[in-house]
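K.L.:
Model the structure of this input:
(2 chains)
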Protein chains: 2
Amino acid sequence: MRTEDLILVSVDDHTVEPPDMFANHLPAKWKDLAPRSVKKPDGTDVWVYEGNEIPNIGLNAVAGRPPEEYNIEPTRYEELREGTYKIDERVKDMNRNGVLGSMCFPSFVQFCGQLFSKSKDLDVGLVMLKAYNDWHVDEWCGSHPGRFIPLSIPPIWDPEEMAKEVHRMAAKGCHAVTFSEDPAKLGWPHIFGDHWDPFFAACEEEGTIICLHIGSSSTILGLAPGAPIDIMITLTPLNAMHAATDLLWSPVLRRFPNLRFALSEGGIGWLPYWLERIDYSYQQHRYWTHQDFGDELPSQVAKDRFTFCFISDAAGLETRHLIGIDKLTWECDYPHSDSTWPHSPETLMKQLAGVPDDEIDKVTHQNAMRLFSYDPFAHRPREACTVGALRAEVGD
Amino acid sequence: MRTEDLILVSVDDHTVEPPDMFANHLPAKWKDLAPRSVKKPDGTDVWVYEGNEIPNIGLNAVAGRPPEEYNIEPTRYEELREGTYKIDERVKDMNRNGVLGSMCFPSFVQFCGQLFSKSKDLDVGLVMLKAYNDWHVDEWCGSHPGRFIPLSIPPIWDPEEMAKEVHRMAAKGCHAVTFSEDPAKLGWPHIFGDHWDPFFAACEEEGTIICLHIGSSSTILGLAPGAPIDIMITLTPLNAMHAATDLLWSPVLRRFPNLRFALSEGGIGWLPYWLERIDYSYQQHRYWTHQDFGDELPSQVAKDRFTFCFISDAAGLETRHLIGIDKLTWECDYPHSDSTWPHSPETLMKQLAGVPDDEIDKVTHQNAMRLFSYDPFAHRPREACTVGALRAEVGD
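P.N.:
You can find the predicted model right below:
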């Protein structure tokens, strides 16, 4: 396999919402209530919703800058690369990086749409959330058919409404939804009871995969007083291990046997250890903890029900036979600071040295297509989907 | 290598303190103030110190029981296997498992001797702590020369006294000391300042390795309301990853260039991921976080300064070339519920399939001997140290 022959589908990138995103998706009577993008006297752009300001964070959109310039100061749109928030420019940036398909997580509304869950009037919140999802599916993803995997946000304050929105979105072709890696940390009920059943049932029924992005509990590891920020950066992907562990031992997977979860930006190199650890824990402790997976081992259940992804993870690729080649997907993380853009194909190819071509195809796009109900080849011929073809298309 | 030819040194086992442990190590005038082992009306044994009861926890001493009988109820001495608290029986249990050498962590006084740090009169606490260390070195370890690696507990409330005790213990041949994986979680200052410098300096001077056992922050992951206990069991070793991450990015390693830490019961299978992650974080973020390891990468610093250990960890052994064979040590964890006793040699041998003999020797005993200043061959000929020889010695 040559680098230019790779076909890359990224299951974790990030939208920076453009200032006019609500313009086309709300009836006139609601428009005044929608979040507004406002430029402050110091030039900084913020969103204002119900009188509260939500800043942009520079580190969230560093694509195209060298690491020497990373910072965590608020930014203005004109400081951002246009590909972060303009859809046509985004597609060009994908082409520059040879990326065929992309699933984009939200930014200012937070991973589970928490912004709307804090609405003074939740009926208004629901209208805004639906407008957000319509914008995302119809405008952001819809403007370039076959280039994006749509991903909805849920009205997390009401599991019945979450279910309705899953169905409404599925009817529009969206079969992925965000959720929290730990809703209890957001102040909602934990996953060990039945509170979320309507939502889980709807996702199972529609074949909608639930995406748990690291940080979606608004809880960050390693941020103790006095602690260097590098600790947080190092440990944040571990949120995925916590989320997977919670789900594995919870009743959720048993009660919804076809429900599937994606551990977004969780990395994969820790999985051989974790899969072994859950089997060891089960073998040593099941008799007094009363866990029962029937004829299966916990590791098999985890491999069946979770989807994993990585940005750059040589250890995980080397041990892929311990994880399961069919559940590995790749992500670009554009435009965040861990992204390998615009050199993703080259970075990835180095780590794929020695991996057979059929396994490369699974990891780079086939798994993502199957697990996220995504079919780019319906929109363009396969030979126009490669790194080489896409880079030629952008032509700069 | 045959199973019976293995030489096994375990760098993490656990003492259950015997009821008479303070009898020989305190002047008469202090004896009434020492912790006492008391049998309660229901038959349960507890320690009483300054009027407070400290229970034994059954799960801490399940050696010899099948997993079906594990529980977390308090126990009495007569329910425990004698090898948990009687030194001659302990050595027999080591022989039954073919284990030559063992380093034993404390139980009722907690990993860092926290019990004594809560003394109403800390002068009394210091006397009791020294008596504890004297009992451990002279009586527990000293009764069978060459069979134990001594490990002291520190008077954590006073870094100057900690330093003195490190020196006093080193003079008695003890070159390992416990500390907390996160002292801030115990209410003491964090490791990012200079509070602990006298202690660290003394350890560096004496070549004393600092042992951070999982759980030594008295903080346990995964214990949220409603959460199945299996989550905690699965995630507890991750405390070691947190501790290593804290130390790596702290100023400690740079300011004490010869100071070394053991991550006790932390497992090893997560290390390839973590070592890669710290280098990636460094490469992507060092310019704004201002970390500087000079000519080295963080992964090299970690490999140089940390010692890792495992109970049962096939993934870690398979990826040992990514971790560094010279820093891997083995542990039995007798008599805790994760222990492989009395089948440790067989369990380990399965995971060592395909590992060359010279690497097996490093992992099973040579690394532990070098890193923990332990020389069993000064006390018995090498051929009497093997699994086969020790099992023949116990003769049952």
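K.L.:
what's the longest helix in chain A?
P.N.:
If each helix of chain A is counted by residues according to DSSP state H, the longest one is helix A:271-289.
K.L.:
Buried residues, that one. List them.
P.N.:
Residues A:271-282, A:284-286, A:288-289 are the ones in helix A:271-289 that count as buried (16 or more other Cβ atoms under 10 Å in any protein chain shown). All C-beta atoms are positioned from the backbone trio N, CA, C, and that covers glycine.
K.L.:
Chain B next: which of those residues are close?
P.N.:
Among the buried residues of helix A:271-289, proximity to chain B is found for A:272-278, A:280-282, A:284-286, A:288-289 (Cβ under 8 Å from any Cβ of the partner chain).
K.L.:
now, the most widely separated pair of those?
P.N.:
For these, the farthest-apart pair by Cβ to Cβ is A:272 and A:288; their separation is 26.7 Å.
K.L.:
Not counting sequence-adjacent ones, nearest residue to residue A:67?
P.N.:
Counting by Cβ to Cβ, 6 or more residues apart in numbering or on different chains, residue B:287 is the residue found nearest to residue A:67 once chain neighbours are left out, at 5.2 Å.
K.L.:
Quick check: the gap between the one you found and residue A:162.
P.N.:
41 Å (Cβ to Cβ, to the nearest Å).
K.L.:
Same check on residue A:53?
P.N.:
In this structure, residue A:53 and residue A:162 are 27 Å apart, going by Cβ to Cβ.
K.L.:
Between the two, which is the more surrounded one?
P.N.:
Using other Cβ atoms under 10 Å in any protein chain shown, the more surrounded residue of residue A:53 and residue A:162 is residue A:162, with 24 against 12.
K.L.:
what sits up against the helix or strand that contains the more buried one?
P.N.:
Element membership for residue A:162 (DSSP states H and E) is helix A:159-171. Surrounding helix A:159-171, the residues in contact under the criterion Cβ atoms under 8 Å, 6 or more residues apart in numbering or on different chains are A:126, A:129-130, A:133, A:137, A:150, A:152, A:154-156, A:175, A:177, A:195-199, A:201-203, A:205-208.
K.L.:
is stretch A:194-210 up against chain B anywhere?
P.N.:
No: between stretch A:194-210 and chain B, judged by Cβ under 8 Å from any Cβ, nothing touches; the nearest distance is 10.5 Å.
K.L.:
pLDDT of the longest helix of chain A, averaged?
P.N.:
If you average the pLDDT over helix A:271-289, you get 94.
K.L.:
low-confidence ranges in chain A?
P.N.:
A:56-61, A:70-74 (pLDDT under 70).
K.L.:
Please, where are all the strands along it?
P.N.:
Read by DSSP state E, chain A holds these strands, from start to end of the chain: A:8-14, A:36-39, A:45-49, A:52-55, A:99-105, A:148-149, A:176-179, A:209-213, A:261-264, A:306-310, A:328-330.
K.L.:
can you redo these as JSON lines with distance to residue B:120?
P.N.:
Putting the strands of chain A into JSON lines (distance: least, Cβ to Cβ, whole Å) gives the following:
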{"stretch": "strand A:8-14", "distance to residue B:120": "54"}
{"stretch": "strand A:36-39", "distance to residue B:120": "59"}
{"stretch": "strand A:45-49", "distance to residue B:120": "54"}
{"stretch": "strand A:52-55", "distance to residue B:120": "50"}
{"stretch": "strand A:99-105", "distance to residue B:120": "54"}
{"stretch": "strand A:148-149", "distance to residue B:120": "63"}
{"stretch": "strand A:176-179", "distance to residue B:120": "50"}
{"stretch": "strand A:209-213", "distance to residue B:120": "48"}
{"stretch": "strand A:261-264", "distance to residue B:120": "49"}
{"stretch": "strand A:306-310", "distance to residue B:120": "51"}
{"stretch": "strand A:328-330", "distance to residue B:120": "57"}
